[in-house]
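> below are the sequence and a predicted model for it; my questions follow.
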Amino acid sequence: MPSRQDGPSVDLHTQPLPRMPGVGPRVAEKLAARGLTTLQDFWLQLPRQYEDRTQITPIRLLQPGVAAQVEGRVEAVDRGFRYRPMLRVAVGDDSRSVLVLRFFHFRAAQVAQFRIGARVRLYGTPKPGQHGLEIVHPSYRVLDDEGEVALGEQLDPVYPAIEGIGPATLRRLIGYALDRLPDDASLELLPRELRERLQLPTLREALLTVHRPAVDADVAALIAGRHPAQRRLALEELLAHHLSLRRQRISQQAHKSRPLKQMPLAEKLRKALPFKLTGAQRRVFDEIRADLAKPSPMLRLVQGDVGSGKTVVAALAAMLAVQHGRQAALMAPTELLAEQHLNNLRRWLEPLGVRVAWLAGKVTGRARKAVLEQVANGEAQVVVGTHALMQEGVAFRDLALAIVDEQHRFGVHQRLALRDKGAGGAVGDDAIVPHQLVMTATPIPRTLAMTAYADLDVSAIDELPPGRTPVQTVALGEERRPELVQRIRTACAEGRQAYWVCTLIDDSDEVIAQAAQTTFEELSQQLAPLRVGLVHGRMKAKEKQETMRAFKEGELDLLVATTVIEVGVDVPNASLMIIENAERLGLAQLHQLRGRVGRGSAASSCVLLYRSPLSGLARQRLDTMRKTHDGFVIAEKDLELRGPGELLGTRQTGLAGFRVADLARDADLLPLVQELGERLLKTSPELAERIVSRWVGGAARYASA
Ligand code: ADP
Ligand code: MG
């Protein structure tokens, strides 16, 4: 642990609370489970949204979807049938309109409260119901018959719910912690010059504003999360995450790795390949070689569009490890993809006498024992697999290079878990660790990459192998579907293969599987005697593999699939892809899917089937797909349309689960975060340390990484 230079008052904030009033051991436990143990944790437990109870909205002016406070009198009550209890209460007000309150769960005492004529004040979000607007489970209170009842004086913060702890208790505890907010002198960590330049409040001011907004606060800004107080908190939080990634990198680079320099085996592989490397592949491999030659671990991300040929670059890197008598591991997120890597690597490496082992969840019993033995005694020189590689009981003799494919599907933690395999367990300060190479086909825009991958060096394979003809992309309305059957027939008659991708966003795996099944049956019938196969997420791994294999070997003409084929699947003979409901998919996903075709030399096409009417956003996405194939251009457009939160996905760990920051909303802060982060690390490392521990805390594994 780095030494702490915190002043005494800061220590107090970060000490577990001795005891808060009204918090017994059981409540304390529940709070702790959500990371709430210190005063500071409570300060940073920020409202998820605000409720405006400072005014009363006439029922007549209510709008669906817009939360509001209403006051009126009960006009009718209906308890529903005996077997399907449901409480409905009609409330009317002076605007001579009626609103229905609907309760699916209720107690007898509640029913008794709603006498006809009783005066209620309630808050909730109305939506269209059977009889005009209704609110399901509003918060409400029954008022005395007559007399003024004061309105709220400020916005009510709404905190994220914590199971087993009522909202009132939580509010009280946060209030207790806020009453103990120290003054700026001991709390403030951001340089004054910066705050003044950006006109941002101090931390103390910002916290008080977001927790207890004043009567005249900018309500709209607060609700939108764009209030300067929120921006200030977001800035500090983003900075903390950035710093923690940078620190992680620094501490990782303090570890040692054995240099890997011997090239003959890699050279031999390069010469044996059935194709010439592209310029971009050569350049990236050179960057990797330079890293591997150093006595500190490589931490490199290779970004490369779908089909850019990342696998072979990884295989070349693995050859350096093997040449040195050591091991390399390649981990992929799905069995389908891992198996494809296995086949490629076996095809390329076994002729050179390199032994490739396979470890996935489905390798069990005696076979598993045998593989584990080969991994442990070094007989397995390259090990390919899924998450199974990281499991307990997997011990390498001498792992020199850990390669993770489709990094965006894994988290930092999993990457480090694989690294730890090479160090023989938890990593101490002078540990020897493997070099790390991670690959992704999801290009992300530069500013974002610097934040998401602040702990990595980034290389880009920005050139596709020659001879690929761009995929011709068209968007067609659903009613044109029948034409496609003919189109598939034509392609297959020319010896080509096709994909039909079924998507139904929002629905369960099961529903999608069902839809795929139906499509499969229909198309099988319409296309007879063409051979049609089906893969979806609900099938057994073995069935999936078998179907994929058959498709790959050309035993099937058409593959009906769900998006399970999205990542990495490589069948160069497939030249036609049809994507159903394309309007509902995001750009990144469409791009990934389309990358399954256009991998051979035949002219390929992709048909985006959509259902009208198209939203403006959907239209822009489909247009983008028609106009460009460049993954980086698509990523920029995606960022513009959707914002980075979704772009990165929740699995992009380290970035998910912010308290205040929202990458979509606060993307413009990122360049500043980077600049400030670098400066702080240089000039005031102890301040950086305090910012990280305030926001990222001990929960992160960065401390030990
Ligand atoms: P991705 O970057 O999407 O993982 P792959 O590594 O699966 O791409 O490569 C896609 C296809 O291109 C594979 O069939 C691979 O063998 C082939 N390939 C890779 N590099 C070249 C090259 N330089 N020339 C021709 N084909 C290549
Ligand atoms: Mg790949």
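On my side now, so go ahead. Residues are numbered from 1 along each chain as shown. Ligands and ions are numbered 1, 2, ... in the order given.

> show the pLDDT at residue 188.
On the pLDDT scale, residue 188 is placed at 91.

> then the one 10 residues further on?
For residue 198, the pLDDT comes out at 88.

> could you check how far it is from ligand 1?
41 Å (Cβ to the nearest ligand atom, to the nearest Å). For every residue, glycine as well, the C-beta is placed using N, CA and C.

> phi, psi of that residue?
phi -90, psi 0 (degrees, to the nearest 10).

> residue 610 now?
Torsion angles, degrees, to the nearest 10, at residue 610: phi -130, psi 160.

> report the beta-bridge partner residues of it.
Residue 610 has these beta-bridge partners by DSSP bridges: residue 477.

> state the pLDDT value of it.
93.

> for residue 551, same thing?
Looking at residue 551, its pLDDT reads 94.

> in terms of secondary structure, what does the regular element (helix or strand) spanning residue 336 contact?
Assessed by DSSP states H and E, residue 336 sits inside helix 335-349. With contacts taken as 3 or more Cβ pairs under 8 Å, 6 or more residues apart in numbering; DSSP states H and E, helix 335-349 sits against helix 264-272, helix 310-323, strand 327-331, strand 356-359, strand 382-385, helix 541-552.

> again, only this time at 6 Å
helix 310-323, strand 356-359, strand 382-385 (3 or more Cβ pairs under 6 Å, 6 or more residues apart in numbering; DSSP states H and E).

> let me have those in TSV, extended by mean pLDDT.
Listed next are the helices and strands packed on helix 335-349 as TSV, based on pLDDT from 0 to 100:
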stretch	mean pLDDT
helix 310-323	97
strand 356-359	96
strand 382-385	97
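
> quick one: closest of those to residue 442.
helix 310-323 (11.9 Å; Cβ to Cβ).

> neighbours around residue 364, how many?
10 (other Cβ atoms under 10 Å).

> with residue 292 instead?
23.

> let me see the contact set for the closest residue to it other than its chain neighbours.
Among residues not flanking residue 292 along the chain, residue 260 sits closest, at 4.3 Å (Cβ to Cβ, 6 or more residues apart in numbering). Applying Cβ atoms under 6 Å, 6 or more residues apart in numbering to residue 260 gives the contacts 292, 320, 321, 324.

> and residue 260, which of the three is it?
Three-state call for residue 260 (DSSP: H, G, I helix; E, B strand; the rest coil): coil.

> burial count for the closest residue to residue 261 other than its chain neighbours?
Nearest non-adjacent residue to residue 261, counting by Cβ to Cβ, 6+ apart: residue 293, 4.9 Å away. By other Cβ under 10 Å, the residues close to residue 293 number 13.

> and residue 293, what's its pLDDT?
97.

> how close does it get to residue 333?
Note on residue 293: its distance to residue 333, by Cβ to Cβ, to the nearest Å, is 29 Å.

> get me the contact residues on the chain for ligand 1.
For the chain, the contact set with ligand 1 under Cβ under 6 Å from any ligand atom comprises 275-278, 281, 304, 306-312, 441, 465, 568, 570, 572, 599.

> how about a cut-off of 8 Å?
Within the chain, the positions near ligand 1 by Cβ under 8 Å from any ligand atom are 273-278, 281, 304-313, 340, 344, 405, 439, 441, 461, 465-467, 568, 570, 572, 595, 599.

> in strands, which of those residues fall?
When the residues of the chain next to ligand 1 are checked against strands (DSSP state E), the matches are 304, 439, 461.

> which one of the residues you listed is nearest ligand 1?
Taking Cβ to the nearest ligand atom as the measure, ligand 1 lies nearest residue 304 of these, at 4.8 Å.

> for the closest one, which residues are in contact?
So residue 304 contacts 310, 461 (Cβ under 6 Å, 6+ apart).

> for beta bridges, what are the partners of it?
Assigned bridge partners for residue 304, using DSSP bridges, are residue 461.

> helix or strand: which one has whatever residue is furthest in space from the centre of the chain?
Distance from the C-alpha centroid of the chain peaks at residue 146, with 52.5 Å (Cα atoms, centre = their mean). Per DSSP H and E: residue 146 is located in neither a helix nor a strand.

> re the thing from before, show the buried residues in the residues of the chain next to ligand 1.
Buried members of the residues of the chain next to ligand 1, scored by 16 or more other Cβ atoms under 10 Å, are 277-278, 281, 304-313, 340, 344, 405, 439, 441, 461, 465, 568, 570, 572, 595, 599.

> scan the contacts of residue 260 and report the most crowded one.
Neighbour max across those (other Cβ under 10 Å) = residue 321, 28 neighbours.
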